[in-house]
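> I would like to see how this sequence folds:
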Amino acid sequence: MNPAESPVGAGLAPSSPAGFRRTHGWVLTTMADTPPTLETRPPRLRADASERITPSPRPGPRVGDTADALAPAESATDDPDADDAGASHSAPADRVRAALRDPRLLWTLAGLACVALGYWWGRAAAPPAAAIAPQPREQQIAAEETPADLELPEDFDWRAPPAADLGLPAYARFLKGVKIVIDPGHGGDEQRAGFKRSRWGLREAVVNLRVSLFLRDYLREAGAEVILTRETDIALAETDDADLAARAEIANRADADLLVSVHHNHAENDSANYSLVFFHGQPDEAAPSLAAARHVLTGLNDALRLDQHVDCAIRSDTTIYDSGFRLLRQTRVPAILVESSFYSNEAEEQRLRDPEYNRREAHGIFLGLARWAQAGLPSIAIRDTAAPRPRGGRQRGAARPPRPNDPCVIELRDGVSDRGSGGPKMDTIRWETLRVLVNDNPIEPQIDRTARTLTLPWTAAELRGATLRVHFENLNGQPVSKPLLRFPD
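Okay, the predicted model is just below:
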């Protein structure tokens, strides 16, 4: 480009120091005894991009240049600041005109307008704040803690049976040595028309026996000692009362840790179908049976996956009969009666005909019993003061009674610490749950927490013919399985 035609100004060539400054926006300054430095100034925004100047490169300062050679030249105008002053007046207008011609600005303004319009429209359509019901805190927590990608498969059905893995879990080993009596309800009633029979002909006694036999096999495989009240379709006596008394006597004579009576239910409402577990008497008097009932109910729920669940599925038998069920009433060991499902429900009746479904039900009861045993079965015993027993544990057989003038000492066995698992040393008895009654009167014995013993304020001779009831729970919430001791006369 001819210097005369330069838009920068006539007579001001880009190669001159002043032209270099105006073209590039750079100012080269020097100071005495200091090397030259470059200061930058923003380039002037041209009205049109086509008018922008591509300056000729100018070499930087060379060694040997004098200070005069490095100093900027004066402007060609009379006022050295006139050009800069003029530029300062015209630059804002040039910038505005250039910005208005930029299409990106128009798109930005259009986007902001759309956002503002959408916000206004949403505010106008939304109900007032007072009309919006607050979301329950539980739902808020659930929404916050639920992963966004947690989705159930479209064909997911809770009622579908789980995978056919009906083996023994590792914790079933705690059933080893536990004595359980299984009572398949009813039996020998085939000739009684309509007795415990569905509208479609299925007899409850047959299903009860089939489930009980599966349950027996599971328990024996785990090492439990199992006794069945019947193994075939028979009655134990000619009358119902005598039959029930005979079943209770089997459990009492065996001094079982638990009696489980297996039943299935019937209702006039043929849509009913849920699980129930019964115990005898009042809750305060049936802690050992309640402990087993809770675990068995959860096992049934996991295995059967029924649609219906009542508010309270563990019930006293006194809710059915004032005096309770004869079987449970006459049993002196912990006992529960299980009503797994309703054979009066047509769909459930068809499932109960399937032996695999019966096996699944038995497996659910078995898992409940395994969890019950895993929690520990606390017990009490009279200590032989001449030969003290080891601390903790359940031991079979009655201890040799103390001498007449010896203080009566009761051992407390939590059912957990004797397993020798090598776990942390800690107190496994919840001492705040301890209650001691002699002849149904509460007493305060001397407690030795280290030895886990109770010393009664009487000798054995003074306790002849008395009854002692001791209740406590271990750290798993399991109560004493057999809390009643009777002193011989």
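> just give me the longest strand of the protein.
In the chain, with assignment by DSSP state E, the single longest strand is strand 429-438.
> hmm, who's touching that strand?
By CB atoms under 8 Å, 6 or more residues apart in numbering, the list of residues contacting strand 429-438 from outside reads 378, 412, 414, 442-445, 447, 449, 452, 454, 456, 458, 463, 466-475, 479. Any C-beta I mention is one placed from the backbone N, CA and C, and that applies to glycine too.
> mind checking which of those are buried?
378, 412, 414, 445, 452, 454, 456, 458, 463, 466, 468-474, 479 (16 or more other CB atoms under 10 Å).
> and the longest strand of the chain, which strands flank it?
For strand 429-438, the pairing partners within the sheet under DSSP bridges are strand 441-442 (antiparallel), strand 467-474 (antiparallel).
> is it true that residue 455 touches residue 443?
No. Contact criterion CB atoms under 8 Å: residue 455 and residue 443 do not qualify, at 11.2 Å.
> strands of the stretch 201-350 of the chain, start to end?
All strands of the stretch 201-350 of the chain, identified by DSSP state E, counting those that start in this stretch, fall at 225-228, 258-265, 276-279, 314-316, 335-342.
> can you dump the C-alpha coordinates of the first one into PDB?
As requested, the backbone C-alpha atoms of strand 225-228 are provided in PDB (Å, rounded to 0.1, in the frame of the first residue of the first chain):
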ATOM      1  CA  GLU A 225     -33.300 -83.000  66.500                       C
ATOM      2  CA  VAL A 226     -36.700 -83.400  64.900                       C
ATOM      3  CA  ILE A 227     -39.800 -85.200  66.200                       C
ATOM      4  CA  LEU A 228     -43.100 -85.400  64.200                       C
END
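> give me the helices and strands touching that strand, please.
strand 179-184, helix 204-221, helix 240-254 (3 or more CB pairs under 8 Å, 6 or more residues apart in numbering; DSSP states H and E).
> output those in JSON lines, with mean pLDDT appended to each entry.
Shown next, in JSON lines, are the helices and strands packed on strand 225-228 (pLDDT from 0 to 100):
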{"stretch": "strand 179-184", "mean pLDDT": "98"}
{"stretch": "helix 204-221", "mean pLDDT": "96"}
{"stretch": "helix 240-254", "mean pLDDT": "97"}
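> which one of the ones you listed lies closest to residue 166?
helix 204-221 (8.3 Å; CB to CB).
> run a quick neighbour tally on the residue nearest to residue 247 when sequence neighbours are not counted.
Leaving out its chain neighbours, the residue that sits closest to residue 247 by CB to CB, 6 or more residues apart in numbering is residue 229, at 4.6 Å. With neighbours defined by other CB atoms under 10 Å, the count for residue 229 comes to 23.
> tell me the most buried of the helices and strands packed on strand 225-228?
strand 179-184 (a mean of 25; mean count of other CB atoms under 10 Å).
> partner strands of it, with direction?
Partners of strand 179-184 in its sheet, by DSSP bridges: strand 225-228 (parallel), strand 258-265 (parallel).
> mean neighbour count, these: which tops it?
Of all the strands paired with strand 179-184, as judged by average neighbours under mean count of other CB under 10 Å, the leader is strand 258-265 with a mean of 25.
> C-alpha coordinates for it, CSV please?
The C-alpha coordinates for strand 258-265 follow below in CSV (Å, rounded to 0.1, in the frame of the first residue of the first chain):
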residue,chain,number,x,y,z
LEU,A,258,-40.1,-75.4,70.3
LEU,A,259,-43.3,-76.9,69.0
VAL,A,260,-44.4,-75.9,65.4
SER,A,261,-47.9,-76.8,64.4
VAL,A,262,-48.3,-76.5,60.6
HIS,A,263,-51.8,-75.5,59.4
HIS,A,264,-53.6,-73.8,56.5
ASN,A,265,-56.5,-71.5,56.9
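> where does the residue lying closest to residue 324 once chain neighbours are set aside land on pLDDT?
Closest residue to residue 324 apart from its sequence neighbours, by CB to CB, 6+ apart: residue 317 at 3.8 Å. Residue 317 carries a pLDDT value of 97.
> mind jotting down where the strands sit in the stretch 351-489 of the chain?
Counting by DSSP E, counting those that start in this stretch, the strands of the stretch 351-489 of the chain are 379-382, 407-413, 429-438, 441-442, 446-448, 453-459, 467-474, 484-486.
> what helices or strands is the second one leaning on?
In terms of contacts (3+ CB pairs under 8 Å, 6+ apart), strand 407-413 is packed against strand 379-382, strand 453-459, strand 467-474.
> with distance to residue 290 and mean pLDDT added, can I get the ones you listed in TSV?
Listed next are the helices and strands packed on strand 407-413 as TSV, based on distance: least, CB to CB, whole Å; pLDDT from 0 to 100:
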stretch	distance to residue 290	mean pLDDT
strand 379-382	17	94
strand 453-459	23	93
strand 467-474	12	96
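> now render those strands as a markdown table, adding distance to residue 221.
As requested, the helices and strands packed on strand 407-413 are exported to a markdown table (distance: least, CB to CB, whole Å):
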| stretch | distance to residue 221 |
| --- | --- |
| strand 379-382 | 25 |
| strand 453-459 | 37 |
| strand 467-474 | 26 |
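> that older thread, so the longest strand of the chain versus strand 453-459, what angle?
Computed with axes from the mean of the first three to the mean of the last three CA atoms, to 10 degrees, the direction of strand 429-438 lies at 20 degrees from that of strand 453-459.
> roughly how far apart are residue 266 and residue 185?
12 Å (CB to CB, to the nearest Å).
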